[in-house]
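Colleague: curious how this folds, go ahead:
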Amino acid sequence: MTTEFWYLIGAALVFFMQAGFAMVETGFTRAKNAGNIIMKNLMDFCIGTVVFMLLGFGLMMGEDAVFGLIGVPNLNLFTRFAEFIANPAVGFTDASVFVFNLVFCATAATIVSGSMAERTKFLSYCIYSGIISLVIYPIEAHWIWGGGWLAILGFHDYAGSAAIHMVGGITALIGAIMVGPRIGKYERDKDGKVIKVNAIQGHSIPLGALGAFILWFGWYGFNGAAATTTSELATIFLNTTIAPAVATCVTMIFTWIKNGKPDVSMCINACLAGLVGITAGCAALDAVGSTAVGMVSGFLVVFVVEFLDLKLHIDDPVGAVGVHMANGIWGTIAVGLLANPNAPAGLNGLFYTGDFTQIGVQLLGLVSVAAYTTVTMTVCFFVIKKTVGLRVSREEEIKGLDKTEHGLPFAYADFAPSTNAYADYVSEDTVFVSGDAPIAEAIPVKKVENVVKKGVPKFTKIEIIFKEERLYALKEALGKLGITGMTVSHVMGYGQQKGKPEYYRGVAVETNLLPKVQVDIVVSKIPVRAVIETAKKVLYTGHIGDGKIFVYDVENVVKVRTGEEGYDALQDVE
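Modeller: As a prediction, the model looks like this:
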């Protein structure tokens, strides 16, 4: 009872990992597709549950048939419910086994979502996600965990580096290739050759990091739920902590040396890569082995993510292939190399015993499962592409899948930057100058000429774009000049100096849009030069990027309520 209770708690932790996958994928992609991504991560579990009940569970855990290739399908969940929930003499109830294997199946399906994000039809996603849970995953998982032929040979994949992560990663790679890159990701010449790789940054690194923490937390259940002794569970928890921590440190140092600064998003990927790498051998390796797994995973994830993007030009927005496929393969091989006979699994790793048997079985299993997945998923994607289609239209992709696929105008409704955060401003009488750029460079002024009719009062529009935190100081200063009306808008400004490239996932970022405030004022009686000098005084800090001021001639002004025009329309008193 106690062991089965932990078994189900572990299953619940694995289910919670769906939230982690959803957050990582949402954070690493653009806001216009956030609702679509949440919907996909919700539905792959729900659809997966339905098809796993009907067929998947029987294929995976049913009585072995056809020389260990598949289980015999059954509907015992519906037809023999009393027996399904009854406590057996040995092992767990069928109900517990069903729930446990279901949440793992859903994990394999959700991995694919990230590599094909932002351009895949929702209908197509539902179809191939259902197929993965219906037949693809259950059959190969039967080979490994359901008493199939690989289990008989001694293939060891404790929690799914191969059965789940490699399968999901291979599927993600095939899907990313067949659906093609996002619009604007690669620039090509007239012959179709890629001449430039562009970085498409995710809209929320904090969401991605939250997802990674949730996944790491859930991974203790992912790896540890099947443990039957305290020693085994402790070993699993130890290795599940060491490998991702080491992988993240390695990636941080490597990207710091390589790019000049540590890459945040790649470090998020790295902790997941270390978790994937240790999943197969979490009960078979010691602390030295898990450290080695983490070190390789930290390098491997960077190499694969950048190689796919920069060399092969395969667009994988979240790094699913680098995290899951590459490290799923590595983690499975690591069992054959680094398994310590003194660990709970009791396997003979090559480096500890000189025995080639385990590594041979591991390689055979890898090749077999990889070949099966590649063939079946290529056929699956090909049929979908030729029937309902894999990819949304160009117009739908540009508008965003939230609106075009779900009728959702924006996933973050009413969420906009608020200037109230800057109410505690510093008075314009006190200007802290920390930079050394002259004021003409820090706040350039540009005048846009126009034709002014003779005999008509001259109106001038002054447009000021600057950092948000100076808004209230500017408003008070302009108020002292007699300006009682202005229009304030939130805009995005280009904030990266040339000659100082930054990198996102190994790709140079050429533009960096930052939130700015735009204030528009129209004056006639108040001297334009007084407004300009006041604004420059308030906004100046000595840094390039303090703001810009544009001056326009205005032909006329009309007050809608009264119909007044010209100078009278600018007056706020009746």
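Colleague: can you give me the buried ones in stretch 384-392?
Modeller: By 16 or more other Cβ atoms under 10 Å, the buried positions in stretch 384-392 come out as I384, L390, R391, V392. Glycine gets a C-beta too; all of them are placed from N, C-alpha and C.
Colleague: dump those to CSV, plus distance to V557.
Modeller: Listed next are those as CSV, based on distance: Cβ to Cβ, whole Å:
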residue, distance to V557
I384, 58
L390, 54
R391, 49
V392, 45
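Colleague: the residues you listed in helices, which ones?
Modeller: I384 (DSSP state H).
Colleague: between the buried residues of stretch 384-392, which is closest to D309?
Modeller: When the buried residues of stretch 384-392 are compared for distance to D309 (Cβ to Cβ), R391 wins out at 19.1 Å.
Colleague: so who does that closest one touch?
Modeller: If you count contacts by Cβ atoms under 8 Å, 6 or more residues apart in numbering, R391 has them with R119, T120, K121, V179, G180, E397.
Colleague: which of the residues you listed are buried?
Modeller: Buried, going by 16+ other Cβ under 10 Å: R119, T120, K121, V179, E397, out of the contacts of R391.
Colleague: quick check: the second one touching L390?
Modeller: Yes - taking contacts as Cβ atoms under 8 Å, T120 lies within contact range of L390: 6.2 Å.
Colleague: residues shared between the contacts of those two?
Modeller: Residues touching both T120 and L390 (Cβ under 8 Å, 6+ apart) are G175, V179.
Colleague: strands along the stretch 401-550 of the chain, start to end?
Modeller: Under the criterion DSSP state E, counting those that start in this stretch, the stretch 401-550 of the chain contains strands at 445-448, 459-466, 487-494, 502-504, 507-509, 513-523, 547-554.
Colleague: give me whichever of those strands is most buried.
Modeller: Neighbour counts averaged per stretch over those are highest for strand 459-466, at a mean of 20; criterion: mean count of other Cβ atoms under 10 Å.
Colleague: partner strands of that one, with direction?
Modeller: Strand 459-466 has the following sheet partners, assigned by DSSP bridges: strand 513-523 (antiparallel), strand 547-554 (antiparallel).
Colleague: quick one: the shortest one to strand 487-494, angle?
Modeller: In this case it means strand 547-554. With axes from the mean of the first three to the mean of the last three Cα atoms, to 10 degrees defining the directions, strand 547-554 sits at 130 degrees from strand 487-494.
Colleague: ok, back up a step: ok, of the strands paired with strand 459-466, where does mean pLDDT dip lowest?
Modeller: Per-stretch mean pLDDT for these is lowest at strand 513-523 (a mean of 85).
Colleague: quick check on G400: phi, psi?
Modeller: Here is the backbone geometry of G400 (degrees, to the nearest 10): phi 110, psi 140.
Colleague: just give me the neighbour total for it.
Modeller: Each residue near G400 was counted by other Cβ atoms under 10 Å, and the total is 23.
Colleague: pLDDT of stretch 290-299, averaged?
Modeller: Computed over stretch 290-299, the average pLDDT equals 98.
Colleague: apologies, that question was intended for stretch 82-102.
Modeller: Averaged over stretch 82-102, pLDDT sits at 91.
Colleague: buried set for that stretch?
Modeller: Those would be F92, T93, D94, S96, V97, F98, V99, F100, N101, L102, for stretch 82-102 by 16+ other Cβ under 10 Å.
Colleague: what sits up against that stretch?
Modeller: For stretch 82-102, using Cβ under 8 Å, 6+ apart, the contacting residues are 3-4, 7-8, 10-11, 14, 48-49, 52, 57, 60-61, 76-77, 141, 145, 225-226.
Colleague: coming back round to it: minimum distance to V369: which of the strands of the stretch 401-550 of the chain has it?
Modeller: Nearest to V369, of all the strands of the stretch 401-550 of the chain, is strand 507-509, at 31.7 Å by Cβ to Cβ.
Colleague: for that closest one, packing partners?
Modeller: Here strand 507-509 touches strand 502-504, going by 3 or more Cβ pairs under 8 Å, 6 or more residues apart in numbering; DSSP states H and E.
Colleague: how distant is the strand it packs on from the center of its chain?
Modeller: Taking the mean of its C-alpha atoms, strand 502-504 sits 16 Å from the chain's own mean (Cα atoms, centre = their mean, to the nearest Å).
Colleague: do the same with stretch 39-58
Modeller: 22 Å.
Colleague: pLDDT (mean, whole number) over that stretch?
Modeller: On average, stretch 39-58 scores 96.
Colleague: list the buried ones in it?
Modeller: Within stretch 39-58, the residues scored as buried using 16+ other Cβ under 10 Å are 39-41, 43-45, 47-49, 51-53, 55-58.
Colleague: taking these together, which two end up most distant?
Modeller: Pairwise across those, and taking Cβ to Cβ, the largest span is found between M39 and G58, at 28.5 Å.
Colleague: that older thread, take the contacts of R391 and write them to CSV, including secondary structure.
Modeller: Converted to CSV, the contacts of R391 look like this (DSSP: H, G, I helix; E, B strand; the rest coil):
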residue, secondary structure
R119, coil
T120, strand
K121, coil
V179, helix
G180, coil
E397, helix
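Colleague: so where's the stretch 351-500 of the chain shaky on pLDDT?
Modeller: By pLDDT under 70, the low-scoring segments of the stretch 351-500 of the chain are 415-456, 493-500.
Colleague: where exactly do the helices run in it?
Modeller: Applying DSSP state H, counting those that start in this stretch to the stretch 351-500 of the chain gives helices spanning 357-386, 394-399, 401-406, 439-442, 471-481.
Colleague: any idea which of these gets closest to L285?
Modeller: helix 357-386 (12.2 Å).
Colleague: for that closest one, packing partners?
Modeller: Using 3+ Cβ pairs under 8 Å, 6+ apart: helix 357-386 touches helix 122-131, helix 137-145, helix 149-153, helix 167-179, helix 327-338.
Colleague: can I get those helices in TSV with distance to T235 and mean pLDDT?
Modeller: Conversion of those to TSV gives the following (distance: least, Cβ to Cβ, whole Å; pLDDT from 0 to 100):
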stretch	distance to T235	mean pLDDT
helix 122-131	34	97
helix 137-145	20	96
helix 149-153	21	96
helix 167-179	25	97
helix 327-338	14	98
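Colleague: quick one: which of those is nearest I236?
Modeller: Comparison of these against I236 by Cβ to Cβ identifies helix 327-338 as nearest, at 13.6 Å.
Colleague: buried ones in that closest one?
Modeller: For helix 327-338, using 16+ other Cβ under 10 Å, the buried residues are N327, G328, I329, W330, G331, T332, I333, A334, V335, G336, L337, L338.
Colleague: quick check: angle from it to helix 357-386?
Modeller: Using the same axes, to 10 degrees: helix 327-338 against helix 357-386 is 170 degrees.
Colleague: next, the angle from helix 327-338 to helix 167-179.
Modeller: 140 degrees.
Colleague: dump the C-alpha coordinates for helix 327-338 into PDB.
Modeller: Coordinates of each C-alpha in helix 327-338 appear next as PDB, following Å, rounded to 0.1, in the frame of the first residue of the first chain:
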ATOM      1  CA  ASN A 327      20.200  13.700 -24.600                       C
ATOM      2  CA  GLY A 328      17.700  10.900 -24.800                       C
ATOM      3  CA  ILE A 329      20.300   9.000 -27.000                       C
ATOM      4  CA  TRP A 330      23.200  10.100 -24.800                       C
ATOM      5  CA  GLY A 331      21.400   9.000 -21.500                       C
ATOM      6  CA  THR A 332      20.600   5.600 -22.900                       C
ATOM      7  CA  ILE A 333      24.200   5.000 -24.100                       C
ATOM      8  CA  ALA A 334      25.500   6.300 -20.700                       C
ATOM      9  CA  VAL A 335      23.800   3.300 -19.000                       C
ATOM     10  CA  GLY A 336      26.000   0.900 -20.900                       C
ATOM     11  CA  LEU A 337      29.100   2.900 -20.200                       C
ATOM     12  CA  LEU A 338      28.700   4.200 -16.700                       C
END
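Colleague: what packs against that helix?
Modeller: Packing partners of helix 327-338 (3+ Cβ pairs under 8 Å, 6+ apart): helix 167-179, helix 264-279, helix 287-306, helix 350-353, helix 357-386.
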